[in-house]
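**Student:** only the shape, not the letters, is given here:
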């Protein structure tokens, strides 16, 4: 998928902010491009919001383990939020060419350990986008 100049510029900004640590840079570019039209911008913004929660919750769950205090509740919130995040990805992929949608679906929406791992890496990258949104909105408030 060819990315627009604004998406390429934003990816550069995010890559700089992350100090080159984006793990799924190209795929994040696809999501940013697909989320640019107003009818899909809400799905992208919600996905970025959930990305921040999901990456933090996942880290906490790994740290405290299944026996940890509050794990069950956090796991339930994580699962519900992950369902919405996957739905947001599907919304963003609507109308994308098959050459984009099919590999994206196979990598990030499969209900496998590898699919979860790939999706968590992409969500980690999207937290940089969420931080950028917060920073730019503060500057305009």
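**Tutor:** That came through, no problem. Just so it is clear, the structure is predicted and the values come from calculations on it, not from any experiment.
**Student:** what about the most centrally placed residue in the chain, helix or strand, and which?
**Tutor:** For the chain, the residue sitting closest to the mean C-alpha position, by Cα atoms, centre = their mean, is residue 123 at 3.3 Å. Using DSSP states H and E, residue 123 sits in helix 113-140.
**Student:** and that helix, what does it pack onto?
**Tutor:** Applying 3 or more Cβ pairs under 8 Å, 6 or more residues apart in numbering; DSSP states H and E, one finds that helix 113-140 contacts helix 5-17, helix 25-34, helix 38-64, helix 71-93, helix 98-108. From N, CA and C alone the C-beta is placed, and that goes for glycine too.
**Student:** burial measure for the residue lying closest to the residue nearest to the centre of the chain once chain neighbours are set aside, as a count.
**Tutor:** Nearest non-adjacent residue to residue 123, counting by Cβ to Cβ, 6 or more residues apart in numbering: residue 51, 4.0 Å away. Residue 51 has 25 neighbours, counted by other Cβ atoms under 10 Å.
**Student:** check contacts around residue 51.
**Tutor:** By Cβ atoms under 8 Å, 6 or more residues apart in numbering, residue 51 lies in contact with 85, 122, 123, 124, 126, 127, 129, 130.
**Student:** what of residue 24?
**Tutor:** Here residue 24 is in contact with 118, 121, 122, 125 (Cβ under 8 Å, 6+ apart).
**Student:** where does the protein have low pLDDT?
**Tutor:** For the chain, the stretches flagged by pLDDT under 70 are 138-141.
**Student:** before we move on, the earlier item: looking at the contacts of residue 24, which is nearest residue 34?
**Tutor:** Closest approach to residue 34 among the contacts of residue 24 (Cβ to Cβ): residue 122, at 13.0 Å.
**Student:** look up how far residue 38 lies from the closest one.
**Tutor:** Separation of residue 122 from residue 38 (Cβ to Cβ, to the nearest Å): 23 Å.
**Student:** quick one, which of the two is more surrounded?
**Tutor:** residue 122 (24 against 7).
**Student:** who's in contact with the more buried one?
**Tutor:** 23, 24, 27, 28, 31, 51, 108.
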